[in-house]
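In: Structure of the sequence below:
(2 chains)
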2 protein chains.
Amino acid sequence: MDPKYVFDFAEGGRDMADLLGGKGANLAEMARMGLPVPPGFTVTTEACRVYLETGEPPSELAHQISKHLAALERAAGRRLGQVDDPLLVSVRSGARFSMPGMMETILDIGLNDLSVLGLGRTPERERFAWDSYRRLVQMFGSTVMGVDSTWFEDALAGIKKQHHAADDTQVDTSDLIRLVETYKDLILRVTGEEFPQEPAEQLRRAVLAVFTSWNGERARLYRHREHIPHDLGTAVNIQTMVFGNLGPDSGSGVAFTRDPATGRPGIYGDYLPNAQGEDVVAGIRNAVPLQELENLDPGSFGRLRDCMRQLEAHYRDLCDIEFTIERGTLWMLQTRVGKRTSQAAFAIAGQLVDEGVISPQEALGRVDGEGLARLMFPRFDSSGTRDVLARGIPASPGAAVGAVVFDSAEAVRRAADGEKVVLVRQETTPDDLPGMIAAEAVLTSRGGKTSHAAVVARGMGKVCVCGAEELTVDPHERLFSTSSTTVREGTVVSVDGSEGVVFLGAAPLVDSPVMRYFEAGGPPPGQEAQQVVRDVHRLVGQADEARRMEVRANADTPEDAARARRFGAQGIGLCRTEHMFLGDRRPLVEAMILAHDDQEREAALAALLPLQRQDFTGILEAMDGLPVTIRLLDPPLHEFLPDLTELSVRLARLDALGRRPDPHETELLAAVTRMHEENPMLGLRGVRLGLVVPGLVAMQVRAVAEAVVARTRAGGDPRAEIMVPLVDAVEELRLVGEEVARVLQEVSVETGVALDCPVGTMIELPRAALTAGRIAQDAQFFSFGTNDLTQTTWGFSRDDVEAAFFSAYLDKGIFRSSPFETIDREGVGRLVEIAVAEGRAARPGLKIGVCGEHGGDPESVHFFHDAGLDYVSCSPFRVPIARLEAGRAALQATWARAGK
Amino acid sequence: MDPKYVFDFAEGGRDMADLLGGKGANLAEMARMGLPVPPGFTVTTEACRVYLETGEPPSELAHQISKHLAALERAAGRRLGQVDDPLLVSVRSGARFSMPGMMETILDIGLNDLSVLGLGRTPERERFAWDSYRRLVQMFGSTVMGVDSTWFEDALAGIKKQHHAADDTQVDTSDLIRLVETYKDLILRVTGEEFPQEPAEQLRRAVLAVFTSWNGERARLYRHREHIPHDLGTAVNIQTMVFGNLGPDSGSGVAFTRDPATGRPGIYGDYLPNAQGEDVVAGIRNAVPLQELENLDPGSFGRLRDCMRQLEAHYRDLCDIEFTIERGTLWMLQTRVGKRTSQAAFAIAGQLVDEGVISPQEALGRVDGEGLARLMFPRFDSSGTRDVLARGIPASPGAAVGAVVFDSAEAVRRAADGEKVVLVRQETTPDDLPGMIAAEAVLTSRGGKTSHAAVVARGMGKVCVCGAEELTVDPHERLFSTSSTTVREGTVVSVDGSEGVVFLGAAPLVDSPVMRYFEAGGPPPGQEAQQVVRDVHRLVGQADEARRMEVRANADTPEDAARARRFGAQGIGLCRTEHMFLGDRRPLVEAMILAHDDQEREAALAALLPLQRQDFTGILEAMDGLPVTIRLLDPPLHEFLPDLTELSVRLARLDALGRRPDPHETELLAAVTRMHEENPMLGLRGVRLGLVVPGLVAMQVRAVAEAVVARTRAGGDPRAEIMVPLVDAVEELRLVGEEVARVLQEVSVETGVALDCPVGTMIELPRAALTAGRIAQDAQFFSFGTNDLTQTTWGFSRDDVEAAFFSAYLDKGIFRSSPFETIDREGVGRLVEIAVAEGRAARPGLKIGVCGEHGGDPESVHFFHDAGLDYVSCSPFRVPIARLEAGRAALQATWARAGK
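Out: Predicted coordinates for the structure are as follows:
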C-alpha cells in the first residue's frame, strides 16, 4: 500500500506534528474538539521530503490530493473554480517547528476568469473579488511561476500614480480588472506560460512551491540560527478560505488565554475589524484590544471566549490563537501553545498548579533554567514609556547602558577613560575583540544567536543584542540610523540583552527581585514578596524534591562559598587554589619558582603555608558540614610570572637607552624564558607540577589538614576533599595519593585530630576517561573537568579559537552549539559515559561529579543526569539554575522510562 | 592440595621460566638433556611473591625445601654439615628476566665449625676450606644478618696489614681461622645472634634473603630502567657446589657457541684455570681464550664441545654457557640464549636458515628493527686499537666526535663558532636543553635509558651514552676523570651511542654498508658485498613476503620521495605542504596572510599556485605508480610570520632610540599580535584554516589537480590522494570535501583529463576517533596522526614537556616508555581501535594507515598490525625498519593464532 500523504483535519491530532507540522496538527486537534475550523486537509512532511530528495512529488500525491479536495467540495456543496459561489482555498506551509514568515503562503486558490465573477456576484463584493483575483495572480506569478515581483508592483504603482491614489483601496474595480489582464500578460511574456485557469493545476503547483520554499535562502538561514534540522521538510495545509474583510460584521484577530508578558489569566489580544488575518500580523492598520469585540459583536466574542476556555483546558497551557469572523461567524484559524516571557512562564506554571490543571511535577516541565537565569539579571525599569530604537535577537542576557561607539579602538579609548560604551557594528570579527572586552554591551545589525558577536559576548558574559535589522550602521560617518532616528557616536543607549531591545537614553536599572531572594538565602517568601519570587520559590523547591543529583558550587573564597550556600549549594565541587597564589602573595610564589636550591624553595613554601591554611579555614567555616573539594595547584607556574613579551620589551628598551635593569628583573626574564611554553595548556601543570616541584603538594595538603584541625577544634564539621588535577594515569594519582596520606598522617599525629579527607581526581583528559577503570582503583571520587576535557577531545583551546572560528562553525552547521557552552554528547559525552561505566565497574558506588562550566548549563545538566552523575558543580550564580534543571532532568527521565 | 613451591631440576624445563626464573628453567632443561649439571632444585617465583606480599614465606615452603634437600643428600650420598666430605650448596637468585648482579648470591651453604674440617680434610685443601668458611660467614653476615660489610673488610685489611700482604692469597690458614672467629664475634656483637651453625637454618635464611633482595634499591632501579615489572619476584636456585679452584686440573669458563660480535660459528669464550666462575666474571685474573683448554684438558674440552653442540642444536640458537671443571670433571652451571650485536643477530639468523636449523620465517624472530637501525648508522672503524675511556648505557645510537664541554653555555658558544662538541654532565636537566641542541653527543655519568639525557637525546636524534659510572665529572674544574685518565674541556672524544662506548681522540668514522645498500635502492647484493648486507637483504625480503601492512614514507620533496622509494616505500603516506610555504616563498605566504581584501589574498594565492603545482609534479614523478597522500596546510598561519617577542623587542629598541621602524614591520607586528595564540597547537590550524581562509583549499587542490594532469599528459601514472588534517567532525570533512570535488571537476573540465583523487582524513584528535563511524561516511581513507593524537589524548605537547618531566615520569614508572616513541596502547591505542572498528563498520574495507612517528617504531608497528591497519608511513630512513617489523608482526600474529 502506498503511504498516506494527505490527511483530512478530522484524521489528525496534536501528537502528529512530525507528519502534519505544528499548524496542521493543531488545526486537526481543534477540528476534533468540534471547534469551528474551516474545513481542509494537510499534505504531510513526508511528501515534502520525497520531493526535496528526488525532485518529484510522490506519484500518489496528486491522486490523494484530488480525493481529499473532492471530499472537501462535496461537504461544502461548492467547487473550486465554479461560477456560482466558488470554493476558494488557502495553501500554507506548516513545519514541525514554527518558522514564521520564512516560507510561502498562497491565498484564494480557485479563482480564475470565471469564478471571479461568481465571487463578485453582488455589487458590494465586486471590487473585493477582483482585488482577490489580482492578488492571486500576483502571488502565484511571483511565488510559483518565478516572475520578479517588482514588475507587478511597478504596474500597480503606475495605475495608482494615474489616479493620484495614496493606497490600494483607492484603486477602483475597473482598474483592478485591467491590472489582472496586465499581470496575466506579464506572466505570459516572462515565462511563456499562461496563468493557469484550472484550479486543480493552481493547487498542485502551489503545493510544490511551498515544498520548494523549505530550501529558500531565508528559511535555511533561519533554521541555522534556530538549530532546526534541514531534513525535516514542511507540511502544507489546504484550507477553505474565510474572509474577515467582508464588511463591519467581519474581522480578524489574535488572542491569548493569558497575558504572555506577565502570565495573568484573562482575555488578551488584538482585533482588527473588516480585515484579513494577514493585516493584523502585518500591523497595517491599528487593531483594537480584543476586549472591545464584546461590544462590537457580543455573540462572536462569547463563542471565542468559549473556544479559548476549551482550548486552555484541553492544552492545559497558555494558548495563542488566530481567528477570523466572517459576517458574524467565528472561524478558528490557528492555535498553539503560546510563547511567553520568563516571568510569565513561572507565573503560569504556578497558576496551573493552583487551578488543579497540572501537577507540581508537570509545572517543572513548563519552565527552564535559561528563563530563571533571565529573571536573575537586573532589568530596565518597566514603568514609564521608553523610546524603543530597535529590536533584535536577545543574544546574551542582562541590561547595560553606555555611549555608542563604532569601532574597537574608540571603545578601548573611551573605556580607558572610565566611560561605559556600547559597541555597535554591522557584525563583529575577531578584530573587534578588544572593543568587545572594553564595552558593556555589543549591538549588531546582522547575524543571529550563533553570530560572532553573540558567541563571543556570551562567552564573556557581556550583554548582546544582535541581528537588529532595522539599524543601518555607518562606521565611517560614526552613526547608525533607523527609519525614524539617527544616533551619533557618544549618544547613550540602553541595551536589554534578555529581551533583545535597544532604547534611546539611559533607562533606569532595577535589581532582580529573584536575585535578591536568592542572595537572602532563598527563605520562604512572605506575603509582601513579588509574585515572581513566590513562583520561583515554589518551582525551585519542587525541583529540589525531584532531583537525584546534588548541586555544588565552584568557589575559591569564603565570600563566594557563603554566597553559594545562600544560593542553595550543597557543597563546593571545585575550590581552585591558584587564585590564592595571586595578589600580595605573588612575591612568595615567585620566590618558590625562582628558588636556587631546596632551602630557598622550602622557605617560600613555609611562608605560603599559613596563608593557604587561613584560606581553607575560612572556606571550610562557610561550608561547615558540607563537602569542600579542594583542587591542588593546577596552572603552569609561569602564569605567576610576568609575560615574556612584555618583560622582554621593557628590558630591551632599558638596554637600548643604555640603562641598567633591575637585577631581579634580569633574573626574572631568565626564568620566564626558561619556563616559557609554546602551549602552556599542554605543559607542565596539574599533577605534573606536584610530581616535579618538591614540597608543593605537601605544603598544600598540610594547609588543608591544619585547616581541618583548626575547624574541628573550633567545634566545626569540616569536610575537606582533596582533588588531584590533570591526571592521565593511575600511577600519577597513586604517587600523589601516597604523599597526601603521609602528610595527613603526620598532621594527625602532631595534633591528635583524626583526619579523613577523601582523595579523588579530575577526569579532564581523554586518557583519564579511557583508563578510568584503572584510575578508579586509586580515586575515592571523580570530578569531570569538562572545560579541559572539551579542549583536549576537540583539540582546541577556548581562548584561542572561540573568536577565530566558532561563529563560522555554527553558521556552517558544524556545531549545533558551542561545545564550551553545551556539552558535546557525541565526543566528550562519550568519554564521560565510558569513564562513569568503567570507573563504577572498578569501584562500585564511586562518587562522580562535574565541575566544568557545563555544570550550570541546562542541556548539559540533563546529560549529566542521564550519565548517572552524583552531582554538578557550577558558579554560585548558576546554582539555582542547576537545581531547577537537575529536578527537571530527573522528572523527564522518569517520564521517559514510564513512556517506554 | 598446597601449591608446589619447589621443583627438582629434573622436574622443570625451559618453558617454565615464569615459575622457575630464566636460570632455573635452563638448568632444568640441561638436566633433562642429560648434560652434567650439579644436582639441585629451584624455589619458585610464586613462593617469592607470597613472601613479598605477606612478609612470610608460604607455610609449606620449609617442608618442601627439606624434602628436596633430603632427596639431594640421598642421591649425593653426602649431607649438608656432615664432617666427612660435606655437601655444600649455592643459593642463587634467578628471575624471569636477567638482572645480572642486582640480587644476592650466597655460596658454600652447609659449612660450619664441624664441616669446615671435613672439607679441609687433606692438607692441600685446608686453606681452601677455611677461606670458603670465612667467605660464607662474611657473605651471610652482611647479606642475611645485615651487618655492615665494611666491618668485615676492615678486619681482613687489618690482618693483611699485619702480614704486609698484597692480596687475600697471602693470608695463611691460621689467620683465616682467626678471621672466622673475629667475624663470628662481630656478628654476635652487632646482631645479638650467633652465626647459625645449623645448615638447614643457613639455607632457610639464605632463601629469604634472596627473596628480599628482589626489592633492593639497585634491583628496583634496574627494573625501572629495563621496564621489568616489579611484581614478578625471583626464583631461588639451590645447587650442589662444585669447585674450579681445587688445583690445575680445575677451572671455570664462559663459552659461546658462535661469536657474539660477528656471529661466526665456532668455539668462543674464556677459560680461567684453578678459579671459580665468579673470578672469571669479575675479571680478577687474566683468562685465556677458550681454545687453549684443548691443550690443557683435551678430555674436558671435548666434552664441553659436545655439550655446546647439543645445546645449540637443542636451543636452535647461539648459547651462552658457564661451566666449571672440578678435577677433570666438567660441570655445566648455566646456559641461556646469548646476547649478540646487531650484526651478529642478522648473521646468525641467516646461518641457522642455511644450516636448516630454523625456517626463514623463524629467522625473522631472531632479529629486530632496532638492530637494523643500529646497522644503518655510521660507526667507528673497528680496525686498529682505540683507547676506551669508559663504557655506559647505549642510550641513543650513532657515532659522534667532538670536543668535551661541561655546560650548556660553553656548548652553545663553541657550536656557534662551528666547533663540534660533546656535552658531558653528571646528569642533565631541562636547563641543559640549549647545550644538548648544540652538541653532537651527550655523555653522562649517571642515569639509565630513561634518564633525562637519554630521553631528550633520543627525541632529538642525538648520540647519547649515559650512566658511564666510571666517570667522575667535575664541572667546576671543567674536567672528568676515570681511574686512569683525566680529560679536560676541549679534549676531543668519540662517542659510540650504539655500543655505549667512549674513546679518547677522534676515531675514524666509516659509513654503514647497510645504509649504502638501501641508498642504492636495495638491489640483490653481489658476491663482493659484505656478509651483513646479504643477511639484511635476505631477512628484509623475508619480511616483505610475510607482512600484510604496506610501508609508506613521510616525504615532502621529490628528493625525499625518491630516497623513500629506494628504501622500499610503497607510496607516500604523508606529504606535508607547509614546508613548501617556507624559504623564498615566505613573502607570498605573508602577503596571503596580511591581505587587506579578497583581491590581495587571491593574488597571493595565485602566485603560490604554480609553485605548489611544481612541488607536487616532482613528487608524483618520483613516486610514479604509487600513492602519494598530500595533506592540506596544517600549521597555524602565524608560524609563517616572525616571532612575537623577537619582533616586539626589535621594534621597541628602535622606538626607544627614536628611530622610525619600517612600516611593513609595524604592520607585521600588528598581524602577529592579532594572530598570536596562547596555545597554537590548539588553535586555528588544520581543517579549521581551510574553512575560514577563503581560497586556500581551492588553491592547494588545484595545484594537486594540475600536477596530476601534467604527469598524466607526460605519460606518467600519478596517484595523488588528498588528506584533510585535524578533523573533529564529519561536517568539517564534508564541507572541505565538497570544495575539493568542485575544484577537481573544474580542472577536469578545463583539461579534459579525468581526475580521481580519493579524499580522506587524518584521525589525530580524540573526537575524530570517537566519532569515526560518522566521519567514515565522508572519508575514503583514514590516516592516524599519532603525534597529535598522543598530545591531545594525554594533554601534553611534546615540545613543552618532554624535557620538563618525561624523565621523572619514566623513573617513577608512570611511563613504561615515552608515549611519543612507542604508542600508548591503553589510551591512544584504545582510540585507534575504536576508530578502526567503527570506521570499518560504517565503510567496509576502509583503507587505514598511520603517519605519525610511531609508524617507524618497532613496538608500535606490531600494535598497528594487531589493530588491523593497512599501512604504516614513517620517515624514509625508518622504512626498512618498518618493513622488517611489519613482517615480524604478521608472523608473530600467525604464530599466536596457531598457538591458540
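In: And the residue of chain A positioned farthest from its centre, its phi and psi?
Out: Distance from the centre of chain A peaks at A:G658, with 57.6 Å (Cα atoms, centre = their mean). Taking degrees, to the nearest 10, you get phi 80, psi 20 for the backbone angles of A:G658.
In: What pLDDT is listed against it?
Out: Listed pLDDT for A:G658 reads 89.
In: List the contacts of it.
Out: Residues near A:G658 by Cβ atoms under 8 Å, 6 or more residues apart in numbering or on different chains: none. (C-beta placed from N, C-alpha, C; glycine too.)
In: mind running it again at 10 Å?
Out: Residues near A:G658 by Cβ atoms under 10 Å, 6 or more residues apart in numbering or on different chains: B:A656.
In: Please see if the longest helix that chain A contains touches chain B.
Out: Identified as the longest helix of chain A according to DSSP state H is helix A:598-622. No: Helix A:598-622 does not reach chain B (Cβ under 10 Å from any Cβ of the partner chain); its nearest approach is 14.1 Å.
In: Any idea how many residues pack against A:T182?
Out: A:T182: 19 surrounding residues under other Cβ atoms under 10 Å in any protein chain shown.
In: now A:D431
Out: By the criterion of other Cβ under 10 Å, A:D431 has 11 neighbours.
In: Make sure it is actually in contact with A:D407.
Out: Yes: using Cβ atoms under 10 Å, A:D431 is in contact with A:D407, at 9.3 Å.
In: can you pull the contacts of the residue in the stretch 101-250 of chain A positioned nearest to chain B?
Out: Relative to chain B, the nearest point of the stretch 101-250 of chain A is A:H230 (11.9 Å; Cβ to the nearest Cβ). Contact analysis of A:H230 by Cβ under 10 Å, 6+ apart lists A:L52, A:W214, A:N215, A:A219, A:R220, A:R223, A:H224, A:G813.
In: swap in A:E639?
Out: A:E578, A:F581, A:L582, A:V589, A:M675, A:P680, A:R685.
In: where does it land in three-state SS?
Out: helix (DSSP: H, G, I helix; E, B strand; the rest coil).
In: So for it, what's the pLDDT?
Out: 85.
In: Kindly report the same for the one 10 residues further on.
Out: pLDDT recorded at A:V649 is 92.
In: and it, what does it touch?
Out: A:D643, B:T645, B:S648, B:V649, B:R650, B:L651, B:A652, B:R653, B:D655, B:A656.
In: For the fifth one, give its distance to chain A.
Out: Read that as B:R650. Using Cβ to the nearest Cβ, to the nearest Å, B:R650 is found at 8 Å from chain A.
In: How about the second one?
Out: As judged by Cβ to the nearest Cβ, B:T645 and chain A stand 5 Å apart.
In: neighbours of that residue, just the number please.
Out: 20.
In: So it, which state does it fall into?
Out: Here B:T645 is recorded as helix under three-state DSSP.
In: Look up phi and psi at the nearest residue to A:R840 once chain neighbours are set aside.
Out: Of all residues not flanking A:R840 in the chain, A:L846 sits nearest, at 5.1 Å (Cβ to Cβ, 6 or more residues apart in numbering or on different chains). As for A:L846, its main-chain torsions (degrees, to the nearest 10) stand at phi -50, psi 130.
In: and A:L846, what is it in contact with?
Out: Contacts of A:L846 (Cβ under 10 Å, 6+ apart): A:G760, A:A772, A:A776, A:A779, A:Q780, A:F781, A:F782, A:A835, A:V836, A:G839, A:R840, A:D870.
In: Could you tell me the model confidence score at the third one?
Out: When you say that, I think you mean A:A776. With respect to pLDDT, A:A776 scores 98.
In: Report whether the expected contact of it with A:I834 is present.
Out: No: applying Cβ under 10 Å, one finds A:A776 not in contact with A:I834, separated by 12.0 Å.
In: Please say which of the two ends up with more neighbours.
Out: Each of A:A776 and A:I834 has its neighbours counted (other Cβ under 10 Å); A:A776 has more, 26 against 20.
In: Quick check: phi and psi at that one.
Out: According to degrees, to the nearest 10, A:A776 has phi -60, psi -20.
In: ditto for A:G13
Out: phi -180, psi 170.
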